[in-house]
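# Return a 3D structure for these sequence lines:
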Amino acid sequence: MSESNSGAACMPDQNGAVPGEPVKKDENSRRGNWGNQIEFVLTSVGYAVGLGNVWRFPYLCYRNGGGAFMFPYFIMLVFCGIPLFFLELSFGQFTSLGCLGVWKVSPMFKGVGYGMMVVSTYIGIYYNVVICIAFYYFFMSMTNLLPWTYCNNPWNTPDCAGVVGTPRANATFANVSAVVSGVTEIVNRTKRTSPSEEYWRNYVLNVSDGIGDFGEVRLPILGCLAVSWVVVFLCLIRGVKSSGKVVYFTATFPYVVLTILFIRGITLEGAVSGIKYYLTPQWEKILDAKVWGDAASQIFYSLGCAWGGLITMASYNKFHNNCFRDSIIISVTNCGTSVYAGFVIFSILGFMANHLGVDVSEVADHGPGLAFVAYPEALTLLPISPLWSLLFFFMLILLGLGTQFCLLETLVTAVVDEIGTDWIIKNKTYVTLGVAVIGFLLGVPLTTRAGIYWLLLMDNYAASFSLVVISCIMCICIMYVYGHKKYFKDVEMMLGFPPPVFFRICWRFVSPFIITFILIFTVIQYKPITYNDYVYPSWSLVIGFFMALSSVICIPIYALFKIAVSEGSTFLERLKNSVKPDPTWGPALQEHRKGRYATTGPESVEVCPLKEDLKNEGKEKLKEKEDEIGLTIPGSNGSTLNPSPSA
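Residues are numbered from 1 along each chain as shown. Next up, the predicted model:
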C-alpha cells in the first residue's frame, strides 16, 4: 500500500476484536477473513474440483492404461500436486495478499502475478460460457421428453440415427433393446450421427463453417450467459463473506448428484463392462512417457496451480491457520473426486455401449463431447430421462460455479489489494460488478455461431504451457531468489512448525523438475488443435499462441520495468535492489511481525493497514500479560503458538 494511503488505512474499525471476547471476529478487520475454516476448505475444494474432473480425467484414465494410469497419477499427486498446493496456500496466507501483492517478496517478479491475472481472465471468460450452456441444457431438460431423443426434428439430417428409434405413443423402455438392434446395423454400415450430437451442433450452437464465420449471436445462449454472470455476481456480492456461505451447497451437492448417478449407473445392464474398460490395467503403458506426461499435466491443471486462485483464497485465512493440513485434504479430495466421477461416467457409457452393440471406446469421449453429446444421449435410454438429465446438468453447473467464484474473486482481490484505498475496500462490490460486466461482454463473441471454435482455442492455448512457466518461475523466485531458508522460517513462524523435510526437498528440487518435464512434454506432444473434422487455419493458431504468450510476456516486461526504476547507478545494482523484498513484505498484522519482521518507529505504520496498530496502550499491556501467563495453542506437531487475542 502506498505511503499516502497508510494513514487513512489505519483508522479504527468498529469491528475491532476485543481481547478475551468470546465471539469470533475477523482477525484482519479491514480486509476480512473467512467465517470459519470449513468455508475456506469447501471453497478451495469447489475451486479445484471442476468440469475437468468429470469430462477429462475419466477419459485420460481410459486412454492411458486404465487402472495402470492411477499409479503415475498418484505419484505426481504426491511429488508435485500437494507440494505446489501447499506452497501457494502458505504464500498467500503468510502475507494476507492476493496474487499481485504477494510479490513484495521480490518486486521484480510481480509480472508473475499479472500473468496469473491474465490466465484467470481467459479462463473466467470461457468457463462461464460452458456454465451457461449447462444452464441451457438444464432448462431444456424441464420437459416430458428430452429434445435430443429422436431424429424427427427440423435440425436433424438424414444421417441421424437415434438409439431409441422413432417416437411411438406406447413405446416403453423394454422396447429399447429391440429398436437398438436395428440401429446397430446402421452403425455398422455408415458413420452414425446421434440426435444428441445434431442437437448440440445444429440447434444449440448452430455451428458455422469456420472460426472466422461468426454469424449471429445465439440469443438463448446469450441469455443463459447473463444468468450465469448474475448468479456468480450475487454469490460474490460480499466477497468471501457471501461466497463462503454459498459453497456449503455448491461444493457439497455435486457429490450428492454423483452418488445418485453412480447408484443408478451400476444397476444398469452393461455397467460392469464400462467400469472394466475404465479400470483394467494395461501395465505395458507404464513405460510410455506420454502416460506420465498426461498424469503430471492432469494433476497440475486440475488443482488450479498458477491461476492465482489458491493464493487469493488463502490470503483470507487467519495467520496461524494450518494450511499444511488444508492442502493435503483439498488435494486428496480433488483427486478422489476424479476417480469417483470415472465410475459414474463409465458405468452409464458401458450401459450405452451394451445397447448399441459397440465397444465402449466408440462412445467414450472427453471435454464438451462427453458433457453435451455422449452423456446426454446415454441419459435418453434411462426411464424418467428428464430427471437424470436435470441432475447431471445441475451438477455441471455447480462444479463450474465453484471454480468461477474463485476466478472472479482472484481478479477482484488483485485490483482491490493493488489500489488499497479505503474507498475501494468499502466499495468492493462495485469492483466485483465491474469485473462481472466486463467478463460478460468479453464472453458475448463466444455465444455466436463460431463460439465453440474460439472456446476450444482458448481452452487449449490460453491456459496451457503458460501455467507451467508461471509455476516454475514462482518456485525459482521463492526458493532461490528470496531464499529457501528464509521461506522455511516464514512457514515455521506462521504454522508453529517447519515444513516437513519431504516438502522442502520437493519445493527445491522435485517439483521444479516435474514442472520442467511437463513443459517439455507439452512442447514435444504439441499437435495443432482440431474440432471434429475441422482443421483450424494457421492465423487462428497464431492468435492462440499470442494468447498463451500474453500471460508469460508479463514476466519479463515487468522485470525490465522494475529494474529500470530501481535505485542504483549500474545495472547490477538496480537488479539487486529490484529483487530485494519490499520493506512491507511479511505478515499483514503488526502483532504477527516478530523476529526479523519486527519494526519500530514510523515505518511500522506503513506495514499495518489494520486495526491492530491503533490499539491503545492498555490493550497492548493486556496482551503482554496473556502472553506471560502462557496462553498457548498446540501446533500440529505438538509445538505451541502464541496466538493473537483476536485469533
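# rest of the way, CA atoms for contacts and neighbours
Will do.
# show me where pLDDT drops low in the chain?
For the chain, the stretches flagged by pLDDT under 70 are 1-25, 164-192, 599-647.
# Can you report how many residues lie near the residue nearest to Leu467 when sequence neighbours are not counted?
Closest residue to Leu467 apart from its sequence neighbours, by Cα to Cα, 6 or more residues apart in numbering: Ala306 at 5.7 Å. Ala306 is flanked by 30 other residues according to other Cα atoms under 10 Å.
# Can you classify Ala306 as helix, strand or coil?
Three-state assignment for Ala306 (DSSP: H, G, I helix; E, B strand; the rest coil): coil.
# any idea how far it lies from Val102?
13 Å (Cα to Cα, to the nearest Å).
# what about the helices in the stretch 201-350 of the chain?
219-235, 240-250, 253-266, 271-279, 289-302, 309-314, 323-356 (DSSP state H, counting those that start in this stretch).
# Let me know which of those helices is tucked in deepest.
When you average the neighbours per residue for each of the helices of the stretch 201-350 of the chain (mean count of other Cα atoms under 10 Å), helix 309-314 leads with a mean of 30.
# Using CSV, write down the CA coordinates of that one.
Only the C-alpha atoms of helix 309-314 are listed here, as CSV (Å, rounded to 0.1, in the frame of the first residue of the first chain):
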residue,chain,number,x,y,z
GLY,A,309,-6.9,-18.5,-7.0
LEU,A,310,-5.1,-20.6,-4.4
ILE,A,311,-3.0,-17.6,-3.3
THR,A,312,-6.1,-15.4,-3.2
MET,A,313,-8.3,-17.8,-1.2
ALA,A,314,-5.5,-18.5,1.3
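# Which neighbouring elements make contact with that helix?
Helices and strands touching helix 309-314, by 3 or more Cα pairs under 8 Å, 6 or more residues apart in numbering; DSSP states H and E, are helix 37-48, helix 82-95, helix 385-419.
# Adding distance to Val510, write these out as a markdown table.
Shown next, in a markdown table, are the helices and strands packed on helix 309-314 (distance: least, Cα to Cα, whole Å):
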| stretch | distance to Val510 |
| --- | --- |
| helix 37-48 | 22 |
| helix 82-95 | 10 |
| helix 385-419 | 28 |
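# which stretch among these comes nearest Asp209?
Closest to Asp209 of the helices and strands packed on helix 309-314, according to Cα to Cα: helix 385-419, at 27.7 Å.
# what angle do that closest one and helix 253-266 make?
150 degrees (axes from the mean of the first three to the mean of the last three Cα atoms, to 10 degrees).
# Okay, buried residues for whichever helix or strand comes after helix 385-419 please.
The helix or strand immediately downstream of helix 385-419 is helix 422-426, counting by DSSP states H and E. Of the residues in helix 422-426, 422, 424-425 count as buried by neighbour count, 16 or more other Cα atoms under 10 Å.
# and Ile384, how far is that from Ala161?
In this view, Ile384 and Ala161 are 21 Å apart by Cα to Cα.
# And for Ile286?
38 Å.
# Look at Ile384 and Ala161 and report which has more neighbours.
Under the criterion of other Cα under 10 Å, the comparison of Ile384 against Ala161 puts Ala161 first, with 23 against 14.
# Got phi/psi on the closest residue to the more buried one other than its chain neighbours?
Leaving aside its sequence neighbours, Ala161 sits nearest to Ser194 (Cα to Cα, 6+ apart; 5.5 Å). Per-residue torsions, Ser194: phi -80, psi 150 (degrees, to the nearest 10).
# For Gly402, which residues are in contact?
Neighbour list for Gly402: 43, 46-47, 49-50, 247, 250-251 [criterion: Cα atoms under 8 Å, 6 or more residues apart in numbering].
# ok, now Leu401?
Counting by Cα under 8 Å, 6+ apart, Leu401 touches 46, 131, 232, 250.
# want to throw the helices of the stretch 201-350 of the chain into JSON lines with distance to Met70?
Conversion of the helices of the stretch 201-350 of the chain to JSON lines gives the following (distance: least, Cα to Cα, whole Å):
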{"stretch": "helix 219-235", "distance to Met70": "34"}
{"stretch": "helix 240-250", "distance to Met70": "27"}
{"stretch": "helix 253-266", "distance to Met70": "20"}
{"stretch": "helix 271-279", "distance to Met70": "9"}
{"stretch": "helix 289-302", "distance to Met70": "8"}
{"stretch": "helix 309-314", "distance to Met70": "25"}
{"stretch": "helix 323-356", "distance to Met70": "9"}
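# With respect to Ile38, which of those lies nearest?
helix 240-250 (8.7 Å).
# which strands and helices sit next to the closest one?
Helix 240-250 packs on helix 37-48, helix 219-235, helix 385-419, going by 3+ Cα pairs under 8 Å, 6+ apart.
# For Arg31, which non-adjacent residue is closest in space?
Arg31 sits nearest to Ile425 (Cα to Cα, 6+ apart), 7.5 Å away.
# quick one: that neighbour and Asp417, what's the gap?
Going from Ile425 to Asp417 by Cα to Cα gives 8 Å.
# dump the residue contacts of the spatially closest residue to Thr337 that is not a sequence neighbour.
Nearest residue to Thr337, sequence neighbours excluded (Cα to Cα, 6+ apart): Asn53, at 6.9 Å. By Cα under 8 Å, 6+ apart, the contact list for Asn53 reads 302, 334, 337-338, 341.
# and with 10 Å instead?
By Cα atoms under 10 Å, 6 or more residues apart in numbering, Asn53 lies in contact with 59, 298, 302-303, 334-342, 399.
# if we can go back for a sec, find residues that contact each of Ala306 and Val102.
Going by Cα under 10 Å, 6+ apart, residues that sit against Ala306 and also against Val102 are Gly113.
# circling back to that earlier point, need the contacts of Gly402 in TSV (columns: distance to Arg449).
Shown next, in TSV, are the contacts of Gly402 (distance: Cα to Cα, whole Å):
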residue	distance to Arg449
Thr43	34
Gly46	31
Tyr47	29
Val49	29
Gly50	26
Val247	33
Thr250	31
Ala251	32
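# how far away is the spatially closest residue to Val246 that is not a sequence neighbour from Val130?
Nearest non-adjacent residue to Val246, counting by Cα to Cα, 6+ apart: Cys235, 6.6 Å away. Cys235 is 18 Å from Val130, where distance means Cα to Cα.
# ok, Lys594 - how many residues close by?
Neighbours around Lys594, by other Cα under 10 Å: 12.
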